[in-house]
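*Asks:* Need coordinates for the following:
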Amino acid sequence: MFKKWVMLGCLLGCGGAVLASGLPERVLDAQVEQAQGASPKHFGYMRFYKPSLQIPQPLNLWDQWFSSKIKQQHQRALAVYLFNMYVVTRSFHGTDLRTLDLNTLGVLDGFMRCHKPFDFKSVSRFYEQNQPAVNALLRQFLQARALPWPAPSNQEYARWVQLLESAPQRYGKASYTWPQASLWGGGALPGTQTKWENLLKQALQLGKKQVVLYDEPATTLEDFDSHIVSKQARRKRTYRWVADECNYMSYLVARQLTQAAGQRALGNAVRIYTLTAYPAQGEFLTPSTGTRFKLANGKNGLLWRYHTAVLVIAKENGVYAPRVLDSFLGGTYPLSVSAWLAHFSNKTVFTAVPFWRSETVENALRVPDRLDGTNLWVDGVLYTPAPVLQ
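*Replies:* Residues are numbered from 1 along each chain as shown. Sure thing, here's the model as predicted:
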């Protein structure tokens, strides 16, 4: 699609290309919460992060370089992973789990909250060096609640560490592979869909009024050979409507959901993820049929290097009901995970990041001061439409 600098950093925008950004590795210091509830489904036993509207703050320079906080975060993240693997393995897979597929969603949550990216290729070494601390946390997790299964063995822990080490990665995050036999279920979702449709419609209204601003240097090589042209003056400023960008649209949806969760409108033990699909190989995502994704409005999608939606897991009538809110593929209608997956080929991998607000993204989303044909003005600066891959 396009590659532009977004404000002060780079961020992946939907529609295809790598947008600038790199969301900083900021995290909440919120405690991992033990899910409560009597549901026999595995979500009722896994550890997870509560949604929060707090904007996380980065570590200061001293903590980044000289503190033990980074190592402690990594130890806790690995302990959360091993505990959640225990729950998932006992609930569904038995002992023959060979890959971290999408059925194991949630086991990687702890790593998404670390200030510094975890080195997944060296998990075995990290576990060997930090085993006493990691095992101490595991004992706390296991003792916090009576579970209906025998405790895991050291051999199982070692096998789960090896699985993590072999997981595919996307932009420094371990990802889930395509589920060989989906355990997500299908058909109609329990409970009413009205509140989810209303939340999606509210987010879409915001997305149609706001734009994402991209700002990059436009200096050419010829400019550096000139003694006349200023090297600082040239800038290329473009924009995209938020409703046309899956990454930013998903951000608005997840923020709306988090606000509703904070008002107890979504029940207890709610989990909110930004769920992103990437091609397992090659440059572009491939749909399950044809060469282009069919959008909810009946049109063909653009070329996508990835696609982001929102996954919310909440209880409906006592049952955990995962939903995908995707204004591109589902419109304002919530999809089951199986229905959402049906849009993609099995040559797809996924990341699932517990949602938290980003100051960088918040600053990049703006309401135009005025429109000028296809161009627009923000803070007295003219922005033109950003190009996209057709």
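
*Asks:* Can I get stretch 102-121 in PDB, CA atoms only?
*Replies:* Taking Å, rounded to 0.1, in the frame of the first residue of the first chain, the C-alpha atoms of stretch 102-121 are listed here in PDB:
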ATOM      1  CA  LEU A 102      -4.400 -20.100  17.000                       C
ATOM      2  CA  ASN A 103      -6.200 -22.500  19.300                       C
ATOM      3  CA  THR A 104      -3.700 -21.600  22.000                       C
ATOM      4  CA  LEU A 105      -4.500 -17.900  21.800                       C
ATOM      5  CA  GLY A 106      -3.600 -16.200  25.100                       C
ATOM      6  CA  VAL A 107      -0.500 -18.200  25.900                       C
ATOM      7  CA  LEU A 108       1.700 -15.400  24.500                       C
ATOM      8  CA  ASP A 109       0.000 -12.500  26.300                       C
ATOM      9  CA  GLY A 110       2.700 -11.900  28.900                       C
ATOM     10  CA  PHE A 111       5.400 -11.300  26.300                       C
ATOM     11  CA  MET A 112       3.300  -8.500  24.700                       C
ATOM     12  CA  ARG A 113       3.500  -6.500  27.900                       C
ATOM     13  CA  CYS A 114       7.300  -6.400  28.200                       C
ATOM     14  CA  HIS A 115       9.200  -3.100  27.900                       C
ATOM     15  CA  LYS A 116      11.900  -4.800  25.900                       C
ATOM     16  CA  PRO A 117      11.200  -7.500  23.300                       C
ATOM     17  CA  PHE A 118      11.800 -11.100  24.400                       C
ATOM     18  CA  ASP A 119      14.500 -13.100  22.600                       C
ATOM     19  CA  PHE A 120      12.300 -16.000  21.500                       C
ATOM     20  CA  LYS A 121      15.200 -17.800  19.700                       C
END
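
*Asks:* Tell me the buried residues in it?
*Replies:* 102-115, 118, 120 (16 or more other CB atoms under 10 Å). The C-beta positions use only the backbone N, C-alpha and C, and glycine is treated the same way.

*Asks:* now stretch 125-145
*Replies:* By 16+ other CB under 10 Å, the buried positions in stretch 125-145 come out as 126-127, 130-131, 133-135, 137-138, 141.

*Asks:* Same question for stretch 288-303.
*Replies:* For stretch 288-303, a neighbour-count test (16+ other CB under 10 Å) marks 293, 295, 301-303 as buried.

*Asks:* farthest pair in the buried residues of stretch 102-121?
*Replies:* N103 and H115 (28.8 Å; CB to CB).

*Asks:* residues near the closest residue to T89 other than its chain neighbours, how many?
*Replies:* Among residues not flanking T89 along the chain, L97 sits closest, at 5.8 Å (CB to CB, 6 or more residues apart in numbering). Residue neighbour count, defined by other CB atoms under 10 Å, stands at 18 for L97.

*Asks:* these two touch, right, L97 and Y86?
*Replies:* No: proximity of L97 to Y86 does not meet the contact threshold set by CB atoms under 8 Å, at 11.2 Å.

*Asks:* re the thing from before, hang on, the residue nearest to T89 in a helix?
*Replies:* No: the assignment for L97 is coil, going by DSSP: H, G, I helix; E, B strand; the rest coil, so no helix is present there.
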